[in-house]
Each structure stands twice: as structure tokens, then as C-alpha cells.
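> return atomic coordinates for the entry below.
(chains A, B, C and D)
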2 protein chains.
Amino acid sequence: MRIGELAERAGTSTRTLRYYEERGLLSARRNSSGYRDYDEDDARLVREIRALLGIGFDLEETRPFVECLRAGHDAGDECPASVAVYRRKLAEVDACIDRMQGIRAHLVAQLDQTESAHAAGERADRPTTPAAFAAATLPDPPEPRCALTTGPLTKESR
Amino acid sequence: MRIGELAERAGTSTRTLRYYEERGLLSARRNSSGYRDYDEDDARLVREIRALLGIGFDLEETRPFVECLRAGHDAGDECPASVAVYRRKLAEVDACIDRMQGIRAHLVAQLDQTESAHAAGERADRPTTPAAFAAATLPDPPEPRCALTTGPLTKESR
DNA sequence: CCTGGCCTTCACGTCAACGTCAAGGTCTAC
DNA sequence: GTAGACCTTGACGTTGACGTGAAGGCCAGG
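Below is the predicted model of the structure:
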């Protein structure tokens, strides 16, 4: 199949597939007229990449999975390198959840405060400014902090 | 005080402060030689911005807080616009936590699976590929998804 | 033969929140 | 008077994962 069909079937764009090739994650035979030619294995590979991106992996992190599949394994996570990435990601996600929950608590506290200020006569105690509170309550989480942004956009989700 | 001192006291850089001014979040008198001149209120303002960025707000979202402070309020979140941002952020954070927990569960499941495959004779059932699993378990969370990346770096944290 | 729809390779644009020069003015200390 | 530490504006660089043209080749249908 040609690049357009693969893109459509993977719910992405041709540009994206060329980009993956550029990054060494995907490769393609060429037909007589120089067009890229893909097969079902390539489709699986792209779906794997997209799925991993979708749960917050970055492109480089999908590489072990891709190589695992290309090495002939049935699943991209059958190789130790992939499992290692899983573990790293799990730690990251746990850290992120902790951080989010801290922030959530902070937001709720601030909202409670302004709310009770309105309920009472505009003069509930304001023990801390939001800035001071944030600084005190969230003491600079370590290095990587959170990530996991908008994820890959499928062709339909635009 | 001049820009360097304010930057140091806010744990950030002069470039950052000029950037905030460029974005209309900060303003400065000028002394006789054209240098920016800040006072304590400006320092508070910058600390507020930094604190909010630190908990995942983007710059635009800090604007209501800044304007609230500049309007003479004791705290940046005393104004309805700020509270609205709090509420939006809380919803975002909640959505993000949900998503993270879904991803966490997915990762744990995958890890359990490869682990038990190793424990048994390399042939535990593999009901789904990771890609298929991800697609099925995480059915395309709505629009904004997660964010809340590395947050602002204080001058010391580098 | 021509139109339209694929495909090809460059190569620059995007977004946020700044970092990092560069070229030059100002002020303080010695 | 000059070194050094500050300040000024301007403008380009960074990062990831692509988007968006431009200029042109290939091929099927009418």
C-alpha cells in the first residue's frame, strides 16, 4: 500500500509517516516509480507507535518497541528494553499523579477560601496569599515533573 | 530596585522579566538613565506569576491574578476572573489525574503480563498487543488532555 | 491530451517561555 | 580613565512532532 492509505488507516498524516522514517522508526520499499510501499507489518508498527504516543511516550521511547517488533517478536513489549521503558514511564506517571494531586488539593483549598470569604462578610481569614501557599505546599518537585501533553491527534480528532 | 535584583529575588532571570513586560503582565517605571525601576508590589506580582506557573498555569492564565493585584486587591485570587481560572484548572487537573490513572493501570497490566510470561514458560496468554490494549482501554480522551510540564525553573534549580 | 489525484523532496512555520548572543549605554570603584 | 558590573534593545535559537506550502513527477479516466 502507498503512504496515503497507510496514513488513513493509521489515522494520521503522510507527513507524520515521512517524519517517522526520517527518525529511523519506519522504513519503506520503493516501487518502480519511487513511491513508498508498505505492508501489514508496517501498519502494525505505526499503530504501535501511535498507541504509545497516545499514552504519553515520546517518539524516542517508542524505538525499543519498534525494534522489538522488527526483530520478529509478536508484541513490541516482549523485549527487555521495552519493559524498561514501561517501568520508567510508570515511575514518571506515579510522580505526575502525586504532583497533580498536590496541585488539586491546593486549588481546592484556595477555592474553599474565596468561597467562604463570599459566604461570610467578605472577611474570612486569608492566612496566605496563593503565591505563598503554592511555594510552601509544593516544594519544588524533583527533576522531570509532569508531561503527557495533548498526545497525537488522529486525523478525525481535528 | 533594578531588574537584576528583582530577578534574583524572584528566583528567575532578567530575560524572563522583560518577557513578562513584553506580554503586558509587568510594567516598570524608568529612572533617569532609562533603567527599569521596580518596587515591592512588582516583586509580589512576579512571585505570584511564578507560583502560578509552578503549578501548571500558563502565562495567559496568570493575567487575571495580575490584574486583580494591580487593581489593589490583597490577593490575586480575590477577583471572579481568577476564581474562574481556578475552577477551570481544577477541572483540567481532575481530567489529567483520571487519564494518568488510566495510563498507570494500563502500564501495570502490561508489566504484569510480561512478568508472568517470564515466570511461566515464556507462554502466558497475550490477549492483546499493547497497541490494541491502549486503543481499547483509553478511548481518546476529549480535547485538552494533559499538560503541566516542567514548570518554571528557578535560578537555583538549574 | 488534459485534468485531477496521488506521490516525491526540500525547507520553512508553529507554539511557549524563555536562553543566548551582540552591540552598545551607564555607573561605580580603583 | 578605565575595568567591570550593571543596564538597554534587537533578534535569532531551543524543543517535539509534526503542518504547510512549493515545485515537480507519475498515472488513471474521459
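
> so where does the residue most central in space within chain A fall, helix or strand?
Here the mean C-alpha position of chain A is nearest to the C-alpha of residue A:56 (CA atoms, centre = their mean), at a distance of 1.4 Å. Element membership for residue A:56 (DSSP states H and E) is empty, with no helix or strand holding it.

> roughly how far apart are it and DNA strand D?
Relative to DNA strand D, residue A:56 is positioned 9 Å away (criterion: CB to the nearest atom of the strand, to the nearest Å). Yep, even glycine has a C-beta here, placed from its N, CA and C like the rest.

> how close does that residue sit to residue B:37?
45 Å (CB to CB, to the nearest Å).

> try residue A:47
For residue A:47, the distance to residue B:37 - CB to CB - is 59 Å.

> more neighbours, those two?
Set residue A:47 next to residue B:37 and count neighbours by other CB atoms under 10 Å in any protein chain shown: residue A:47 wins out with 19 against 14.

> buried residues of stretch A:43-62, list them for me.
A:44-57, A:61-62 (16 or more other CB atoms under 10 Å in any protein chain shown).

> residue of chain A with the smallest distance to DNA strand C?
Relative to DNA strand C, the nearest point of chain A is residue A:4 (2.5 Å; CB to the nearest atom of the strand).

> element containing that residue, please.
Judged by DSSP H and E, residue A:4 forms part of helix A:3-10.

> and residue A:103, by the same measure?
Residue A:103 belongs to helix A:80-119, assigned by DSSP H and E.

> that helix vs helix B:80-119, what angle?
150 degrees (axes from the mean of the first three to the mean of the last three CA atoms, to 10 degrees).

> returning to that earlier point: surely the residue of chain A closest to DNA strand C and residue A:13 touch.
No. Contact criterion CB atoms under 8 Å: residue A:4 and residue A:13 do not qualify, at 9.5 Å.

> which one's more surrounded, the two?
Neighbour comparison, residue A:4 and residue A:13: the larger count goes to residue A:13, with 17 against 13 (by other CB under 10 Å).

> ok, the spatially closest residue to that one that is not a sequence neighbour - contacts?
Excluding its sequence neighbours, the residue lying closest to residue A:13 (CB to CB, 6 or more residues apart in numbering or on different chains) is residue A:7, at 5.5 Å. By CB atoms under 8 Å, 6 or more residues apart in numbering or on different chains, residue A:7 lies in contact with A:13-14, A:16-17, A:155.

> okay, now the unreliable bits of chain A?
A:115-158 (pLDDT under 70).

> which parts of chain A sit against DNA strand C?
Residues of chain A lying close to DNA strand C by CB under 7 Å from any atom of the strand are A:2-5, A:14-15, A:18, A:28, A:34-36.

> from these, keep the buried residues only.
Counted by 16+ other CB under 10 Å, the residues of chain A next to DNA strand C give A:3, A:28, A:36 as buried.

> say whether DNA strand D is contacted by stretch A:86-105.
No. Using CB under 7 Å from any atom of the strand, we find that stretch A:86-105 stays clear of DNA strand D, coming within 12.8 Å at best.

> then stretch A:27-42?
Yes. Counting by CB under 7 Å from any atom of the strand, DNA strand D has neighbours in stretch A:27-42: A:32-34.

> can I get these in TSV including distance to residue A:113 and secondary structure?
Converted to TSV, these look like this (distance: CB to CB, whole Å; DSSP: H, G, I helix; E, B strand; the rest coil):
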residue	distance to residue A:113	secondary structure
A:32	71	coil
A:33	68	coil
A:34	65	coil
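
> let me have these in TSV, extended by distance to chain B.
TSV is the format used below for the residues of stretch A:27-42 next to DNA strand D (distance: CB to the nearest CB, whole Å):
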residue	distance to chain B
A:32	32
A:33	31
A:34	30
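
> what is the nearest of those to residue B:108?
residue A:34 (45.6 Å; CB to CB).

> tell me which residues touch the closest one, please.
Residue A:34 touches nothing, counting by CB under 8 Å, 6+ apart.

> for it, grab phi and psi.
phi 90, psi 0 (degrees, to the nearest 10).

> what's the answer for the one 3 residues further on, then?
In this entry, residue A:37 is assigned phi and psi values of phi -130, psi 120 (degrees, to the nearest 10).

> one step back: biggest separation within the buried residues of stretch A:43-62, which pair?
Pairwise over the buried residues of stretch A:43-62, using CB to CB, the maximum falls at A:44 and A:56, 20.7 Å.
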